[in-house]
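*Asks:* My questions are about this predicted structure, shown below with the sequence.
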Amino acid sequence: METKAHKSSTVNFVKDIRNKTRRIFTSEQKILIVMEAIRGESPVAEICRKYGIHQAQFYRWNKEFLEAGKKRLAGDTTREATSDEVAELRKENQRLKETVAELVIRYDIVKKSLRMLE
């Protein structure tokens with residue numbers, strides 16, 4: 001008979017494995033999958049099996065795709081950043097933070113050395 005703590009740790013272990021092995025689809029991949037279904041060459045169930053996704057996930061992507069298209073056609077020209085753009089911005093942000101930290105350290109060193117000269 002399993003204890004409650006052991007069962008909980010097992011459930012968390014399985015969840016961790018699922019999260020770490022979950023496939024991440026780029027926005028471009030999602031668009032290609034949805035477009036494949038829109039063309040109607042294959043049933044949605046077959047497309048979902050082909051890409052290893054649940055049908056509910058496919059229909060969420062399809063809804064998002066159609067809503068984005070509707071907004072764009074209505075004149076909403078703002079767009080969301082692609083995953084590559086976001087990654088590049090994060091790298092730049094990290095580089096800038098490191099530069100600021102280095103400058104603050106240099107400033108403190110100069111400030112302390114000037115105090116010693118007084």
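*Replies:* Ah, there it is. Residues are numbered from 1 along each chain as shown.
*Asks:* Is there a neighbour count for Glu36? I'd like the number.
*Replies:* Per other C-beta atoms under 10 Å, the neighbour tally for Glu36 reads 16. To be clear about C-beta, it is placed using only N, CA and C from the backbone, and glycine gets the same treatment.
*Asks:* Check which helix or strand Arg95 maps to.
*Replies:* helix 83-117 (DSSP states H and E).
*Asks:* Tell me which other helices or strands that helix touches.
*Replies:* For helix 83-117, not one helix or strand is in contact under the criterion 3 or more C-beta pairs under 8 Å, 6 or more residues apart in numbering; DSSP states H and E.
*Asks:* Break this protein down into its domains, please.
*Replies:* Domains of the chain are assigned by the TED database as 23-76, 78-117.
*Asks:* from these, which stretch is densest packed?
*Replies:* domain 23-76 (a mean of 13; mean count of other C-beta atoms under 10 Å).
*Asks:* tell me which strands and helices the host helix or strand of Lys63 is in contact with?
*Replies:* According to DSSP H and E, Lys63 maps onto helix 55-73. Judged by 3+ C-beta pairs under 8 Å, 6+ apart, the packing partners of helix 55-73 are helix 27-39, helix 44-51.
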